[in-house]
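> Pasting a predicted model and its sequence here:
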Amino acid sequence: MESEIKKYGCFVKGVEQKYPNVAPGTPIYANAVVVDNIVYVSGMTAQKFEDGSCTTNTMQDQMWVALSKMKQVLEEAGSCLENVFKTFIMLKDIKDYPVMRATELKFYQEYAPELAEHPAASTILQAGCLARPEFLVEIECMAVLNKKKD
């Protein structure tokens, strides 16, 4: 049986980020790809979809924006935060780990209480650098599209 693959493009300023809409050397990617019942969400940062600018310069705010974008992308793909089973979080500086985790917990308590109670598997990495110098955090995740009913 063949797997169906559905891609959800990345749009900035209303323009899909694919050639020829981006300058050579600029990364192009889908915000999410769905394969069968799994949603793979690309790394989300504090970059605004509206204009590409970075929204803030604090870890707490950047983490909140990245999680909000992750939530939005999951919902656009037909899933939700409660369906996340794995996160991969890249930090510019590992010293931001406590603030990142506290912000993540607060976000999940507000928008996905099940994840606050029963966290997803998670990997944290201090990256040598992120896509742009002003980015402090980038988060990607995997989620099921639909949970099986008991």
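Arrived safely.

> Contacts for the host helix or strand of Ala143 next, please.
If you go by DSSP states H and E, Ala143 is part of strand 137-144. The contact list for strand 137-144 (Cβ atoms under 8 Å, 6 or more residues apart in numbering) reads 37-46, 59, 62-63, 66-67, 70, 74, 79-81, 83-92, 96, 100, 120, 127, 130-131. (C-beta placed from N, C-alpha, C; glycine too.)

> Okay, and Lys147 sits in which element?
Applying DSSP H and E, one finds Lys147 in no helix or strand.

> where's it relative to Thr55, distance?
For Lys147, the distance to Thr55 (Cβ to Cβ, to the nearest Å) stands at 31 Å.

> Comparing those two, which residue is more hemmed in?
Neighbours per residue (other Cβ atoms under 10 Å) separate Lys147 from Thr55, with Thr55 holding more: 18 against 13.

> for the chain, what's the longest helix?
Taking DSSP state H as the criterion, the chain has its longest helix at helix 59-76.

> tilt between the helix or strand following it and helix 59-76?
As assigned by DSSP H and E, the chain's next helix or strand after helix 59-76 is strand 84-91. Calculated by axes from the mean of the first three to the mean of the last three Cα atoms, to 10 degrees, strand 84-91 forms an angle of 140 degrees with helix 59-76.

> Buried residues in the helix or strand following strand 84-91, which are they?
Scanning forward in sequence from strand 84-91 by DSSP H and E, the next helix or strand is helix 97-111. With burial defined by 16 or more other Cβ atoms under 10 Å, the residues of helix 97-111 counted as buried are Val99, Met100, Thr103, Glu104, Phe107, Tyr108.

> Please apply the same query to stretch 87-100.
In stretch 87-100, counting by 16+ other Cβ under 10 Å, buried: Thr87, Phe88, Ile89, Met90, Leu91, Lys92, Asp96, Val99, Met100.

> again, but for stretch 134-148
Here stretch 134-148 shows Glu134, Phe135, Leu136, Val137, Glu138, Ile139, Glu140, Cys141, Met142, Ala143, Val144, Leu145 as buried, counting by 16+ other Cβ under 10 Å.

> What of stretch 72-88?
For stretch 72-88, burial by neighbour count (16+ other Cβ under 10 Å) applies to Val73, Leu74, Ala77, Ser79, Cys80, Leu81, Glu82, Asn83, Val84, Thr87, Phe88.
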